[in-house]
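>>> structural data only, the sequence is not supplied:
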């Protein structure tokens, strides 16, 4: 049977691995020992019950294939090199290593027990804090502010955004900004825009320790704990110095064609945050890309030409502010966007933030 190595066990990687498992010899290589449901990570940052819910084992994902908990050092052609193991010769390689992001939106630890210990410490630190500063007024900073406000109603929260408005990246409508701004004000969250910090606090992110900082315009901010809510970077360092390096863009993403084949490599595909597909990086987009890759590798295995095409999805924005508030920017079939409020936002994302959907995909009860 054709041998497929999927590098990365996030939303796109597990979808590809599970989809090809019936027809190929699939190996899924992932640096973390458990799947991490990052879409619910900010809820887990403030709630110790959710802390357990976002970590899920890979043990039931594949019926025939193999899961390897390991770190890929490099890929040369279709040969996958893993630290401490013999190289794997593959017929097809799927790159699905995603992107890095500051804690607690994502976790860098390879061991779930270490990540959980860090979350436990964060919960203790937040319980001892009276005020928090979030640097970055994009979706992560805003969503985290909502989670903090719900879990710690007496906590003073400040968002600092260097742009002139929150949600400053392209694609967000003014109506969405207005609705979110109104809800942030209702929650008593201070929002400072139009100036970056003159200097960062002397403490690490998530560490309890009182500080005073100011913006370049002179606005003073006092806090007990702070978080960096910006700084996503494609996780492609293992491709440096290989024949894939010329395909990397300056931001670390890799060039793919409409079939999601890496440019110049007919038997290598990429999905998710790693790709240079011009759309926001979302779990649902990664899964849709994965379905295109499944179809195309299936065609190649059958001796046919890969013809499935990926078209960037409609830019829906689902932005909860805790379990009871939030707003979403939806796009209808004619491309017209509309804003919906808290009730529909909660309904779309689900009371369990799609934990049950992910558990089903991983074949877990």
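Right, received. Where do you want to start? Everything numeric here is computed off the predicted structure, so don't read it as measured data.

>>> could I get the full set of strands for the stretch 201-350 of the chain?
Here the stretch 201-350 of the chain has its strands, by DSSP state E, counting those that start in this stretch, at 211-214, 220-223, 225-228, 233-234, 268-270, 317-321, 325-331, 337-340.

>>> how far out from the middle of the chain is the first one?
Think strand 211-214. Chain-centre distance of strand 211-214: 30 Å, with CA atoms, centre = their mean, to the nearest Å.

>>> and for that strand, what's in contact with it?
Outside of strand 211-214, the residues within contact range by CB atoms under 8 Å, 6 or more residues apart in numbering are 133, 197-203, 220-224, 226. Heads up, the C-betas are built off the backbone N, CA and C, glycines and all.

>>> partners of it, with directions?
Sheet pairing here is set by DSSP bridges, and for strand 211-214 it gives strand 220-223 (antiparallel).

>>> how about the longest one?
Using DSSP bridges, strand 325-331 pairs in its sheet with strand 317-321 (antiparallel), strand 337-340 (antiparallel).

>>> ok, the residue positioned nearest the centre of the chain to residue 56 distance?
Nearest to the geometric centre of the chain sits residue 38, at 5.7 Å (CA atoms, centre = their mean). From residue 38 across to residue 56, the span is 12 Å (CB to CB, to the nearest Å).

>>> same thing with residue 246?
To residue 56, residue 246 is 36 Å away according to CB to CB.

>>> which stretches of the stretch 201-350 of the chain aren't confidently modelled?
350 (pLDDT under 70).

>>> again, only using 90
For the stretch 201-350 of the chain, the stretches flagged by pLDDT under 90 are 280, 313-316, 331-337, 346-350.

>>> picking up where we left off before, quick one: which of residue 246 and residue 56 has more around it?
residue 56 (21 against 10; other CB atoms under 10 Å).

>>> excluding chain neighbours, what is closest to the more buried one?
Nearest residue to residue 56 in three dimensions, chain neighbours excluded: residue 35, at 4.5 Å (CB to CB, 6 or more residues apart in numbering).

>>> give me the neighbour count for that neighbour.
Look at residue 35: counted by other CB under 10 Å, it has 24 neighbours.

>>> so what's the backbone phi/psi at it?
phi -70, psi 140 (degrees, to the nearest 10).

>>> the helices in the protein, which residues?
Per DSSP state H, the chain carries helices over the ranges 11-20, 41-44, 48-53, 112-127, 139-151, 174-186, 283-301, 342-349, 355-361.

>>> which among these is found nearest to residue 265?
Taking CB to CB, helix 283-301 is the member of the helices of the chain nearest to residue 265, at 12.5 Å.

>>> buried residues in that closest one?
283, 285-298, 300-301 (16 or more other CB atoms under 10 Å).

>>> outside of that helix, which residues touch it?
Residues outside helix 283-301 that contact it (CB under 8 Å, 6+ apart): 2, 4, 10-13, 15-16, 19-20, 23-24, 38-39, 92, 94, 96, 259-261, 267, 269, 271-273, 275, 277, 279, 305-310, 312-313, 354.

>>> ok, now stretch 230-249?
8, 72-77, 95, 97-102, 135-136, 138, 140-141, 251-255, 262-265, 268, 273-274, 276, 281.

>>> among those residues, which ones are buried?
The buried subset of the contacts of stretch 230-249 (16+ other CB under 10 Å) comprises 8, 72, 74-75, 95, 97-102, 135-136, 138, 140-141, 252-255, 262, 265, 268, 273-274, 276, 281.

>>> now the phi/psi pair for the most far-flung residue of the chain relative to its centre, please.
Using CA atoms, centre = their mean, the residue of the chain lying farthest from its centre is residue 303. It sits 34.6 Å away. Torsion angles at residue 303 (phi, psi; degrees, to the nearest 10) stand at phi 80, psi 20.

>>> if I look at it, how far off is residue 294?
For residue 303 relative to residue 294 (CB to CB), the value is 17 Å.

>>> and residue 362, how many neighbours does it have?
Residues lying near residue 362 (other CB under 10 Å) number 19.

>>> check contacts around it.
By CB under 8 Å, 6+ apart, the contact set of residue 362 is 14, 35, 56-58, 60-61.

>>> recalculate using a threshold of 7 Å.
14, 35, 56, 58, 60-61 (CB atoms under 7 Å, 6 or more residues apart in numbering).

>>> picking that back up, most tightly surrounded among the strands paired with strand 325-331?
Comparing the strands paired with strand 325-331 by mean neighbour count (mean count of other CB atoms under 10 Å), strand 317-321 comes out on top with a mean of 22.

>>> what angle separates that one from helix 342-349?
120 degrees (axes from the mean of the first three to the mean of the last three CA atoms, to 10 degrees).

>>> distance of residue 106 relative to residue 115?
10 Å.

>>> and residue 302, by the same measure?
For residue 302, the distance to residue 115 equals 41 Å [CB to CB].

>>> now residue 305
Taking CB to CB, one finds residue 305 at 43 Å from residue 115.

>>> cool, and residue 147?
Between residue 147 and residue 115 the computed distance is 18 Å (CB to CB).

>>> so if I had to pick from these two, which one is more boxed in?
Higher neighbour count among residue 147 and residue 115: residue 115, with 25 against 22, using other CB under 10 Å.

>>> looking at it, that one is touching residue 107, isn't it?
Yes: between residue 115 and residue 107 there is a contact under CB atoms under 7 Å: 4.3 Å.

>>> and the nearest residue to residue 235 once chain neighbours are set aside, backbone torsions?
Leaving aside its chain neighbours, residue 235 sits nearest to residue 97 (4.4 Å; criterion: CB to CB, 6+ apart). Main-chain torsions, residue 97, degrees, to the nearest 10: phi -90, psi 0.
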